[in-house]
Each structure stands twice: as C-alpha cells, then as structure tokens.
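Novice: Sequence first, then the predicted structure, then my questions.
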There are 2 protein chains.
Amino acid sequence: MATVNPWEVKGTIDYNKLLKDFGVQPLQHLTKTFLQHYLFRRGLVYAQMDFKYIAEAVEQKKPFVMMTGLMPSGKFHLGHKMVAEQMVFYQQLGARLYITVADVEAYNTRNTDMKELHRVALEEYLTNYVALGLDLKKCDFYFQSARSKNAKKANAYYRLSNFLARHVTFNEFQAVYGEITPAKMVSSLLQASDMLHAQLPEFEGPIPVVVPVGIDQAPHLRLARDMAQRIKIWKFLPLSSTYHIFMPGLKGDKMSSSDQMSYIALTDTPEEATMKIKKYAFSGGQATLEEHRKKGGNPEVDVAFQLLRYGFEPDDKKLEKIEKEYRSGKLLSGELKQIAIDKLTAFLKEHQKKRENAKKEVEKFMKEMLL
Amino acid sequence: MATVNPWEVKGTIDYNKLLKDFGVQPLQHLTKTFLQHYLFRRGLVYAQMDFKYIAEAVEQKKPFVMMTGLMPSGKFHLGHKMVAEQMVFYQQLGARLYITVADVEAYNTRNTDMKELHRVALEEYLTNYVALGLDLKKCDFYFQSARSKNAKKANAYYRLSNFLARHVTFNEFQAVYGEITPAKMVSSLLQASDMLHAQLPEFEGPIPVVVPVGIDQAPHLRLARDMAQRIKIWKFLPLSSTYHIFMPGLKGDKMSSSDQMSYIALTDTPEEATMKIKKYAFSGGQATLEEHRKKGGNPEVDVAFQLLRYGFEPDDKKLEKIEKEYRSGKLLSGELKQIAIDKLTAFLKEHQKKRENAKKEVEKFMKEMLL
C-alpha cells in the first residue's frame, strides 16, 4: 500500500487514485502555451483545482500570481528544480511571483538555528532559482518571519493569518496533519496566508493565484481554500492549484533531502553525479545482456530514463526513440545511464557556472531586501 | 465556592487563597512613591510577581515599560477606570506605555464586526483614558491587527508571536483555557507577544515590563513568562506583574460589561448613575433604622462604601471616619449612598466635560496613527 500525505510519501503510488482521494481534477485541455513546457506536455504536472482562472488570465493577458514556498532545509536537488522550472515558466508567462521562505515553519517544526535556515534559503535555494532563470527583480521574495519592508503589507499579511484562526476547527487541522501541535497550527495558518494574501487590498486585490505543489500537499490547499471562503472581511477568488508527480529518487522511491544517496544536488560535481547514477540509479533493465536483448527494459521504473523524461531530454521525439529502443532491448541499461550522465553532467557544469553570477545577484538583492 | 479563572469570576472570593492557587506573592514593602496612590495604599492592587524590577527602576529612575490591553466590547465602566488610573500613574512615574487593542482576540472569540470593535476602542476606551489623564503622545498605542507603521517593528511583533508557538504545548494551553480552539490559541500567542515584545531589539531591548491585571488573569501571565524563558533567540527579563482585586458590581458581585445594571459607565449621566446607586447598589446596612443604629452597617459588602474606597474618597482619614460611623450605626445606608452619589456625580460631570476635549485629541491622534 502506498502512503501519501503531507508528511510522508512512500510505496508505489497510484496517481489516478490520488486524484479521487484528494478531490482534485485531472489537468486536461491544455492550451498551446502550456504545452510548450515539458512538465505539462509530459503529464508530470497532472492535476489541478480551478486552473481555469489561470488559463484564462494567460490567454487574455490579464494579471495573475504564482505563489510558492521553500522549506530551507538540506540540499537543493533535482526534485526542487522541477518547482523552480515552473516558477521561471510562470514568470515568463507574465505572472507576478510570490515566493516565501517558510522559516517560521522550519523553526517551529524542525530546527531553531535561524542563521543556518537563512543561509540555506539563500545559498541553496535562491541562488539556484536565479541560476535556473528566475528574475529576482520581478519577484516578491520574502521570509515568513519578516514579510515586508512596507508596514502596510507586513501588517496585512499577519493580520490575515491571525484572523483565519477563527475560520478553522481543530478537527480540520487534525484531518490534515494527524497529531497537531501549536507550532504546526501556526505554521498552517501562515501557510494559508502565504497562499491567500496576494489577494488582500494591500497587495493585488482579488486576482487569480496559482500554487503549484506536489500531490501530497493537496490537503493544505483545500484547507486554505475553505478558510478563504468562510472569512467575510475580504473577498478572495478561489485559489488555483496544480499538482505534480514526484520525481523518483535514485533508488526508485521518493527523492528525499534527508537521504544523500537518493538525490543529485545541483551543487554535486559532475563526478559525484556520475558516480551516483552508476552506483545507485535503479535500472529497469534485465539481469543479463541476453535477457535484456530478448525482453527489453522497463523505462517506467528506470531512473536514468526518468531523468531524461524530467527534462534532461527536452526533445519529445528523441525521448520517444530512446524509450522504444530501451523497450525493445536495443538500448542497454548502461548505455541509457550514459545518455543520462552526459545530459546531466553537461547541465551541472553549465549550471554551476551560472551559480557564480547568481551568487552575486542574490547578495545584492538581499542587501536591498533585508529589513 | 468561588470560581475564578480567566473566563469566569463568581462567588465570594478569598483573595488570600487565590495568591496560593495562582502562585503569586503579596505586594509588600511598597516605597513612598507607590503608597501615594490609593490603589496601592488601600491594598486594591494586592499581589505581584517580580515587581522588584519595577520598584528598582522607579527608585533609580531607569527606563521601564507598562503594558496593558483592552478588549473593545461594551461600555467603559468604573472597573476599567481602575486600570486606566494605573496607566496614568505609571506614565507619571516615567514608564513607557504600551497599550494594545485586542481586536484580533475580539474578532476570534467574540464578534467579527471590525468597524464596531474599532469604534468601541476609540470612543469608549481611548477617549476615557485621555479624559482620565493619559498623555497619548507618550504612548505606544496599537491594534493587534496592525502593530505599527514601522515595518521593522510590525514584523518583529508578529515574528515573536509565531515563534512562541514552538515553546508551548497544547496541555499548557488547555490548563489555562479549558476548551481550546485555534482562535483562542492564536489570541493567547498574540497576548504573550503583547506582553513580551517591548523587550525585542526592535523596541526597547531587555527592560523591566509591568503588566497590571485582575487576579483572574494570572494564568495568562504565567504562560507568557514560561514561553519567554524557553525561547533562546532573544533575551527577556522576567515579566513583572501586579494583580488587583475586582471592583464589586452594583449588586455586590463582579462588575460585568454584559449586565448594564451591574456597572456605572463613565458615559452614564449623573441622573442615571444616581438612579442605579439608589435602586441597585447592594447595601451593608441593617433591615430597619432601629437595628442599624444598634448593630451598625457592614462596609465590606456595602457597594456605596466600596465606591468611596475605590477612589471616590481620596482622603484616607475621611474614608476611615465614614467607615467608623457606618460600622457604629451613626451613618445610615441612605446617607452613605448619598455621599457616594455626590462624589460620583461630581466626577461624572467633570469627566464628561473632559471627554469633549479628549474626543478631539483622539481623533487627531488616530489620523496620524492609522496605517
């Protein structure tokens, strides 16, 4: 049995079953604009709630917001890259980006070393975002612990999170979080404010807001949507959200920040990445060369193939050819791994060069931003 | 049996037993400075925790803070006047005043009409404070929903309340509040930040802070003190607090905003006040004139006498004389009521004149203050 909830993802996941469990809809009838991006085209972003508001805003060139957050712990790895790519894509589509560092949540539920939390947020996350193409000048980037240099905005953001408390019950929190503590509750209220506050009069006013998350986060979205409908002081458009499939970890299960051998970090050297793929990447190939030639490999569970699918082979036709050849047994596991290694190491080299410039940009940005 | 907790006060209260129950100490060895004020001199402010920091600051003319809050509901009555008098007294002693309108708490636990909440806060509370002598220019007056026009301060105040959540458990909340809801919890965290945030680097830094409250509020103070000791990001001096005895309502039990006939509001006309005392004020006199002359009255339960004790007769010697004559039966209940009526109506006339000027001052102040 698979377990998928906001705290835990394990087992073999039936993504169609999750749609039902979480009460979300498949993402269908995408416009050309969205089909440009491999994540949408390849069904890696596969489900949604009220995505119509976003599709409409994009089509009609009306303003909309993309909101996302980062939990500053561990290394920035390929799983995070997937979210960053959506940020960059939405920014190119004209979205106003709201990006929060969930440092209050990190303090309240993980560790209390604020310096370390902020170092990770900037060096690991923000620097990689910029190197991946994020334009900082067009972002509203903030920390949950320090919303804004603008007092009206700062007060408004926290006001919303505090007022939302009236519009939610303990049972609802418990249904989402299991065991609930004061710390988790405050984190959840702030998270709801993160998703909703762009629509306050001090920010954009009612506006379409999309929150792209992993399917495990669906209960959080639902809670925020419910609270927004109940509070009457302000008017909110229903939150839009999209849900993506998890990028598999090297061993085939979820990529996890707490297991170094499950991920490739964007600061891993090409040599480290090569070693990890050779040594750990789960293969869909057969046990012997002979058997492989006869039965062929299984790309669905093959991590090297999945890396290509998750963007390292951007060309659909080439990807299809690789898939066919692998299934037929023409392409061997080792050969497939080598294709992935070549793509990945080229990316890492290029990315790490970009990180050098990004570092300077982040440093400058933070000087201007910090309270 | 008496019931005294943050939500309910009823029955005959044994104030000495409460000291023990709530783990607070009697207020003793007061300096001349404090003995000037009738509330201290007459033992109406009767208990404390860590009051020594405040006594020392006053003696050595060092900076200190007085923090208090108001719940914007109902009429401002004589029970509230007692708190206002302490505010004015501390201000005269050189304290920096922090005064919060608990509008988030009111929204979360009472009614959601923010306009009405703010009207009551200004017209009922702030206007009366000013008429009673508060100097607005020397106050940091704010709403929980809008801490400051200064972004650093606003962020810092909410940051503290959000971080405190890590340092408290559900069981602790439950011990103080009985049934606990998300709304009550958020209110409690904000209340703790109200009491503690003056000591943050964005405000005064570590500094003695006194919070004068009714004895029923002792569990709240204790919770805030405990959280402050556990959080390590900032350094807090232990909170100081004083505890006062409840001013009796007209019928002899607690003065309550929800029972019009239990209180005299500072906006009651002299005629209304006279009527209320004549008609409702509980008397400590005997049933017949003859019996009264023989046995005398009981000033402890006589509401008219208590009004004089609670400041309407500022002269201790005169108060003592009245007490003696009442106990001896020389002074009749009706005569005692008339003394109280004379003092009270003179005060109300004068106060209501002062309110006219105070209104203008509050109006001007709010224009400058509001976000």
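Specialist: Now that the structure is in, tell me what you want to look at.
Novice: Now do A:Met261, the pLDDT please.
Specialist: Looking at A:Met261, its pLDDT stands at 87.
Novice: quick one: secondary structure of it?
Specialist: Going by DSSP: H, G, I helix; E, B strand; the rest coil, the secondary structure assigned to A:Met261 is helix.
Novice: center of chain A, which residue is that?
Specialist: A:Val83 (3.2 Å; C-alpha atoms, centre = their mean).
Novice: Burial check on the closest residue in space to A:Lys235 that isn't next to it in sequence, number of neighbours?
Specialist: Nearest residue to A:Lys235, sequence neighbours excluded (C-beta to C-beta, 6 or more residues apart in numbering or on different chains): A:Pro206, at 5.4 Å. No exception for glycine: its C-beta is placed from N, CA and C like everyone else's. Around A:Pro206 there are 13 other residues, counting by other C-beta atoms under 10 Å in any protein chain shown.
Novice: Any residues of the stretch 151-300 of chain A in contact with chain B? List them.
Specialist: A:151-152, A:154-155, A:158-159, A:162-163, A:165-166, A:168-170, A:173, A:180-183, A:185-187, A:189-190, A:232-233 (C-beta under 8 Å from any C-beta of the partner chain).
Novice: Was I right to think A:Tyr310 contacts A:Ile245?
Specialist: No. Using C-beta atoms under 8 Å, A:Tyr310 is not in contact with A:Ile245; the gap is 9.4 Å.
Novice: Between those two, which contacts overlap?
Specialist: Overlap of the contact sets of A:Tyr310 and A:Ile245 (by C-beta atoms under 8 Å, 6 or more residues apart in numbering or on different chains) consists of A:Leu44.
Novice: contacting residues for A:Val168?
Specialist: Listed by C-beta under 8 Å, 6+ apart, the contact partners of A:Val168 are A:Leu189, A:Leu223, A:Asp226, A:Met227, B:Pro182.
Novice: Quick check: buried residues in stretch A:328-343?
Specialist: For stretch A:328-343, a neighbour-count test (16 or more other C-beta atoms under 10 Å in any protein chain shown) marks A:Gly329, A:Leu331, A:Leu332, A:Ser333, A:Leu336, A:Lys337, A:Ile339, A:Ala340, A:Ile341, A:Lys343 as buried.
Novice: Report the mean confidence score over that stretch.
Specialist: For stretch A:328-343, the mean pLDDT works out to 98.
Novice: contact partners of that stretch?
Specialist: Here stretch A:328-343 has contacts from A:273-274, A:277-278, A:281, A:283-286, A:289, A:292-297, A:302, A:304-305, A:307-308, A:312-313, A:322, A:325-326, using C-beta under 8 Å, 6+ apart.
Novice: swap in stretch A:54-67?
Specialist: Residues from elsewhere that reach stretch A:54-67 (C-beta under 8 Å, 6+ apart): A:30-31, A:33-34, A:53, A:86-87, A:90-91, A:93-100, A:194-195, A:198, A:204, A:207-212, A:240.
Novice: could you flag which of these are buried?
Specialist: The neighbour-count test (16+ other C-beta under 10 Å) marks A:30, A:34, A:53, A:86-87, A:90-91, A:93, A:95-100, A:194-195, A:198, A:204, A:207-212, A:240 as buried among the contacts of stretch A:54-67.
Novice: Can you flag which of those residues belong to strands?
Specialist: Of those, the ones assigned to strands by DSSP state E are A:Arg96, A:Leu97, A:Tyr98, A:Ile99, A:Thr100, A:Val209, A:Val210, A:Val211, A:Pro212, A:Ser240.
Novice: Provide a list of residues in contact with the nearest residue to A:Asn155 once chain neighbours are set aside.
Specialist: The spatially closest residue to A:Asn155, leaving aside those adjacent along the chain, is B:Ala146, at 4.6 Å (C-beta to C-beta, 6+ apart). The contact partners of B:Ala146, by C-beta under 8 Å, 6+ apart, come to A:Asn155, A:Arg159, B:Ala154, B:Leu370, B:Leu371.
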